[in-house]
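Visitor: Provide a 3D model corresponding to the input given below.
(one chain, ligands or ions: 1)
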Amino acid sequence: MNKNIRDIVKERYGNIAKSVGKTKTNSCCGGSCGCGTHNVFGEANYSLKEMRTLPKEAVEAALGCANPHKLAQLKLGEVVLDLGSGGGIDVLMASKLVGEDGKVFGLDMTDEMLELANRNKLKMDVKNVEFIKGYIEAIPLKDNLVDVVMSNCVINLSSNKEKAFEEAYRVLKENGRLAIADIVRLKDVPEDILREETLWSSCVVGALEINDYKRKLEKAGFKNVQIEVVHTYSKEVIDELMQDSKENQELAILNKYKEEFFDIIDNSFGSAYIRASK
Ligand SMILES: C[S@@+](CC[C@H](N)C(=O)[O-])C[C@H]1O[C@@H](n2cnc3c(N)ncnc32)[C@H](O)[C@@H]1O
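Guide: Model (predicted):
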């Protein structure tokens, strides 16, 4: 895997984890964007009922692009793995749904995110949750262990998605379910923009094109792959997200590509639900 991208992603999410509870602005998919005005990122994807029992810091740390629980339909007693669990919002929600006889693993590579998630676990006082350190491309769990692999806005960050899919398949039980919310690419985008590391770590240009996503899942062995686009990001949304960030790297990209950037990026990416089974 490209070490550079992984380190950039780790640093970005480490900084976001450290800022939770300290800044007012919510952030999405990499903290580059103030999501307060957008109803497609982070906590906006969850109902008040879903959030009611969760610690405030878990909700504030939500960095997802949809709500994988809408697909996962978890049942009592199930074993669940959340890939790239961040501050733990989806894991902690899952812990209630699978109950005391179930088990939920949250996997993340970033120490600061794991610390935040473990603090949130303590606040919720749940016993059926374990946050583990590791990479989604080398899941530290045994074969055929889990009923459901879920994930929210993480696969796009991986520079070895094939390996991540193989690993998800390996740890799933026979007939196990994959329930992913992720960013997908909807149109061709020039290579130089796809190589912008800042846009990769903020969950944009690492996204797979839909047919490629499906092909890669099938190659890993998944059946019944279905991909449903739920939000498309217009240039206005991307513009607002990037301007909100006021981070030098984003401003450098805006200066480099000027207005052309927004015409290219307009409706080129969106969030999607991805379902499949083993
Ligand atoms: C956009 S955040 C999403 C967090 C969480 N799923 C949510 O919805 O709030 C991405 C998370 O994935 C983790 N991550 C990114 N790439 C990873 C990888 N290759 N292996 C493990 N964790 C990864 C990051 O550390 C970060 O916590």
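Visitor: So Arg185 is in contact with Gly206, correct?
Guide: No - under the criterion of Cβ atoms under 8 Å, Arg185 lies out of contact with Gly206, with a separation of 9.2 Å. Every C-beta, even on glycine, is put in place using the N, C-alpha and C of the backbone.
Visitor: In contact with the closest residue to Lys187 other than its chain neighbours, which residues?
Guide: Residue nearest to Lys187 in three dimensions, not counting chain neighbours: Ser268, with 4.5 Å by Cβ to Cβ, 6 or more residues apart in numbering. By Cβ atoms under 8 Å, 6 or more residues apart in numbering, the contact set of Ser268 is Arg185, Leu186, Lys187, Val189, Tyr233.
Visitor: Now, those residues that are in strands?
Guide: For the contacts of Ser268, the ones inside strands are Arg185, Tyr233, with DSSP state E as the criterion.
Visitor: Quick one: buried ones out of the contacts of Ser268?
Guide: Among the contacts of Ser268, those buried by neighbour count (16 or more other Cβ atoms under 10 Å) are Arg185, Leu186, Val189, Tyr233.
Visitor: distance of the third one from the ligand?
Guide: Pointing back at Val189 there. Val189 sits at a distance of 20 Å from the ligand (criterion: Cβ to the nearest ligand atom, to the nearest Å).
Visitor: Look up phi and psi at the closest residue to the ligand within the stretch 151-278 of the chain.
Guide: Nearest to the ligand, among the residues of the stretch 151-278 of the chain, is Asn152, at 3.5 Å (Cβ to the nearest ligand atom). The phi/psi pair for Asn152 (degrees, to the nearest 10) reads phi -130, psi 100.
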